[in-house]
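# Kindly return the folded structure for what I paste below:
(chains A, B, C and D)
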Number of protein chains: 2
Amino acid sequence: MSPARPDPVAAPAPRIAHATIHDVARVAGVSVASVSRVFNGRDHVRAAMRTRVEEAAAQLGYVPHAGARSLSMARTGAIGVVLPDLHGEFFSELLRGMDREASTRGLGLLLTVLHDGRGLDTLAVLRGQVDGLVVMAPQLDPAVVAQHMPRGLAAVFLACAPQDGSPSLRIDNRAGAAAAVAHLAAGGAKRIVHLSGPAGNLDAQERRAGAEAAAAAAGVTLCVVEGDFREGSGTVVGECVAAGTIEADAIFAANDMMAIGALMALKRHGVAVPAQVAVAGFDDIPLARLVSPALTSVAIDIAAMGARAVAQLAARITAARDGFLEGASGGADEAIVPHLVVRETTIETSRQGLGI
Amino acid sequence: MSPARPDPVAAPAPRIAHATIHDVARVAGVSVASVSRVFNGRDHVRAAMRTRVEEAAAQLGYVPHAGARSLSMARTGAIGVVLPDLHGEFFSELLRGMDREASTRGLGLLLTVLHDGRGLDTLAVLRGQVDGLVVMAPQLDPAVVAQHMPRGLAAVFLACAPQDGSPSLRIDNRAGAAAAVAHLAAGGAKRIVHLSGPAGNLDAQERRAGAEAAAAAAGVTLCVVEGDFREGSGTVVGECVAAGTIEADAIFAANDMMAIGALMALKRHGVAVPAQVAVAGFDDIPLARLVSPALTSVAIDIAAMGARAVAQLAARITAARDGFLEGASGGADEAIVPHLVVRETTIETSRQGLGI
DNA sequence: GCGGTTTCTGTAAGCGGTTACAAGCCCGCG
DNA sequence: CGCGGGCTTGTAACCGCTTACAGAAACCGC
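The predicted structure is shown next:
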């Protein structure tokens, strides 16, 4: 072997371009297999060789090439995250949760945003680039999504219609709405008006159903007014309630912006909140705690949802790798149960809000 | 060739596992090179062969393996985004801007969050997985970052101390602060108090310098009080101004939370804003437009900054690929100039705010 | 019909790793 | 001292795709 080993001293100084495993092997005077073994841990490698390789690697500034490695190991160490064009808090919290979970597992996050409709074909590109997919595409036809899914890639669906063979995570809108209505009823409300979202919206439907169920269970009256998820419809309802056109002692809006619209309208007309009319919303947007009085709302732990999705996906990936064939362990669907955040619009408090 | 070509009819039905280029070649009865040519476009391929290959590919549901392709082409089609542990609006807007720019170029975004200190070594893992890096690490020692950068990988630095050889994008804090102070002076302020950020903070220093320069230029008095970027220090200053301990007709805070603290304190003490004391902040957080009176603030187009970073990186990547060697075209450093958003805390308006 | 192009197409050598397999080494034991 | 057997290590075959190169086929004008 000795004649084949070049003099380490004669090795060129660290290059601009990256050193490969072959360079390291040459400099260390060993075979590429040995270098690979040293880098991948616990194969039987003699100490002398290990240090020789490590020195050569350090000298060359060698870093393994993730792409090559993933090709030969059939594992990329990244998961694809497919999201609609989201904004603000929701987006960042979701990603934060996913990252938290992924990084503890040594996984990277490859982000793909589906710009309005176009671009489902980018999913195909992901094959060989990720080990699995977390897909959130509530606005898309499940059949179309299914058709574009790279076959044989583990996937978890988030907040959208369930797909065959892949588990999905949804938000338990029903339970959240029920909790809000039950809370209002427990606070003494007898006639609750539910300001719902647009009839076509799935979340809106579920929230409404939850509200109705809880109202029935509590024996209180619930009247539903259809809104559009925007502040304006809240304003209208707030004014009707203030004027007595709608007789109610509590308002439960299907999202916070509508609740805030109603709240402001009530305030403007001198209606005491919560003394005369209590108000609750859904989503717990950051603004909810800042309005005065602070808005009671149903909160979803978005980060936890993201984390859960990644955890499920990771489980599926290892399961697939360990030979459990597809389809089998299939759909461990989960529902994320929101929790109620009680603030000043539903309970009397001595302390004033932030004064904003 | 004919004996080597298996009967297409005998080909197995589409498999569970993914078909490779060899499978397609076999089914189509051609060589892998031809399949590759068909998929990669504009090489000379006869029409008959093209359709044969396309049919075979469709039948097998073949999708090229991105990993393998990137290995042989030395191009991954992804760029790494390295960020500190960010929250909310900033994070989502930055990513939105990056995605917008990246997706038009057919690039993916591989996200890496640097959880408090730990994890710079994950940068090394990125080699072979991305074509370039956008790094934002304002809290880290530039030298340490430089040391961990995979050599030979194009990079752009965002809002942090400049690095050798890689362009960086920074926020022009000076210009933003100057604009705010000039605006206050133009509105009639003579004695402005600048509530700065902590002395050790780079942004804070720059904002202060900009404020001082603009005050000098406008010939108005500027007195600096050091704050800590939190609401509390704003409150204190607001109260001093209300009490007359600090004599001022305008407050310019180095960020919005402090400005809001001051604003609320002034309001509480019955000081008219902006009539008696004008207030301006920095950052234009979402809350700024919601407080009453709405806060004038210096806004940074975060999405544009993200987009710009990606655009620069893309340019560097292609430059590197086209042979311009490193270091040369080096640091086309850019500064993102913020713009002033004028609201009710600096100009009289007839309309009331949102009433929040 | 033939040489000279020009246009396809196939062969095979990578890209940078991993890893099954076998060969080499060293050891203790009979 | 010879030999079986466990550690180390090297050889080489992949992973799935691109592409340089060369051979084959088709086309041209004569």
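
# what's the closest non-adjacent residue to A:Glu344?
Spatially, and ignoring its direct neighbours in sequence, A:Glu344 is nearest to A:Pro293 (3.4 Å; Cβ to Cβ, 6 or more residues apart in numbering or on different chains). In short, each C-beta sits where N, CA and C put it, glycine included.

# nope, A:Gly306 is what I meant
The shortest distance from A:Gly306 to any residue other than its chain neighbours is 3.1 Å, reached at A:Gly97 (Cβ to Cβ, 6+ apart).

# quick one: the one you found and B:Pro338, what's the gap?
Using Cβ to Cβ, to the nearest Å, one gets 30 Å for the distance from A:Gly97 to B:Pro338.

# the more surrounded of these two?
Counted by other Cβ atoms under 10 Å in any protein chain shown, A:Gly97 and B:Pro338 do not tie: B:Pro338 has more neighbours, with 24 against 21.

# how near is the residue nearest to the more buried one when sequence neighbours are not counted to B:Arg96?
The shortest distance from B:Pro338 to any residue that is not its chain neighbour, by Cβ to Cβ, 6+ apart, is 3.6 Å, and that residue is B:Gly176. B:Gly176 sits 21 Å away from B:Arg96 when distances are taken as Cβ to Cβ.

# the more surrounded of those two?
Neighbour comparison, B:Gly176 and B:Arg96: the larger count goes to B:Gly176, with 27 against 21 (by other Cβ under 10 Å).

# if I pick the more buried one, what's in contact with it?
For B:Gly176, the residues meeting the contact criterion (Cβ atoms under 8 Å, 6 or more residues apart in numbering or on different chains) are B:207, B:210, B:282, B:298, B:300, B:337-340.

# how much space between the residue of the stretch 51-200 of chain A found nearest DNA strand D and B:Arg268?
The nearest approach of the stretch 51-200 of chain A to DNA strand D comes at A:Ser72, 3.2 Å away (Cβ to the nearest atom of the strand). Between A:Ser72 and B:Arg268 the distance is 67 Å, computed by Cβ to Cβ.

# And A:Asp121, by the same measure?
Per Cβ to Cβ, A:Asp121 is found 57 Å from B:Arg268.

# For the two, indicate the residue with more neighbours.
B:Arg268 (13 against 8).

# okay, the more buried one: pLDDT?
B:Arg268 carries a pLDDT score of 92 in this model.

# got the contact list for the residue nearest to A:Glu334 when sequence neighbours are not counted?
Once its chain neighbours are removed from consideration, A:Glu334 has its nearest residue in A:Leu169; the separation is 5.1 Å (Cβ to Cβ, 6+ apart). With Cβ under 8 Å, 6+ apart as the criterion, the residues that contact A:Leu169 are A:156-159, A:305, A:308-309, A:312, A:333-336.

# Using PDB, list the CA coordinates for the helix or strand where A:Leu169 lies.
Using DSSP states H and E, the secondary-structure element containing A:Leu169 is strand A:168-171. These are the backbone C-alpha positions of strand A:168-171, laid out as PDB (Å, rounded to 0.1, in the frame of the first residue of the first chain):
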ATOM      1  CA  SER A 168     -55.000  13.900   8.000                       C
ATOM      2  CA  LEU A 169     -55.100  16.500  10.700                       C
ATOM      3  CA  ARG A 170     -58.100  18.800  11.100                       C
ATOM      4  CA  ILE A 171     -59.300  21.500  13.400                       C
END
